[in-house]
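**Student:** Sequence below, structure please.
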Amino acid sequence: MEWRIVVINFVYACLGVVLMFIAYKIFDLLTPQLDFPEELKKNNTAVAIFIAALFISIGIIVGGALN
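**Tutor:** Sure thing, here's the model as predicted:
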């Protein structure tokens, strides 16, 4: 096994997580009227599904960009 490939994949994974976090924060700033953490504490299923869809779509975009 070549360790260089393993390290590169690890770096890509970390970069993907960081980019997903940044995208979530940007989206959170663009919607000031909705407090996502507070809505999740209230067990708002619609907000949870929306955030999951947001993470999946950002993951697909970041994954495509890193390839």
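**Student:** Quickly note the distance from the most centrally placed residue in the chain to V6.
**Tutor:** Most central residue of the chain, judged by C-alpha distance to the mean C-alpha position with CA atoms, centre = their mean, is M20 at 3.0 Å. Using CB to CB, to the nearest Å, M20 is found at 21 Å from V6. Quick note: C-beta positions are derived from backbone N, CA and C, even for glycine.
**Student:** Just the C-alphas of the host helix or strand of A48, formatted as CSV.
**Tutor:** A48 is part of helix 45-66 when elements are defined by DSSP states H and E. Taking Å, rounded to 0.1, in the frame of the first residue of the first chain, the C-alpha atoms of helix 45-66 are listed here in CSV:
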residue,chain,number,x,y,z
THR,A,45,-38.1,17.3,12.1
ALA,A,46,-38.5,19.6,9.0
VAL,A,47,-35.3,21.6,10.0
ALA,A,48,-33.4,18.3,10.6
ILE,A,49,-34.4,17.0,7.2
PHE,A,50,-33.5,20.3,5.6
ILE,A,51,-30.0,20.3,7.2
ALA,A,52,-29.5,16.7,6.2
ALA,A,53,-30.4,17.5,2.6
LEU,A,54,-28.1,20.5,2.7
PHE,A,55,-25.2,18.4,4.0
ILE,A,56,-25.8,15.7,1.4
SER,A,57,-26.0,18.2,-1.5
ILE,A,58,-22.8,20.1,-0.3
GLY,A,59,-21.1,16.7,0.1
ILE,A,60,-21.9,15.8,-3.5
ILE,A,61,-20.7,19.2,-4.8
VAL,A,62,-17.5,19.1,-2.7
GLY,A,63,-16.9,15.4,-3.6
GLY,A,64,-17.2,16.2,-7.3
ALA,A,65,-14.9,19.3,-7.0
LEU,A,66,-12.2,17.3,-5.3
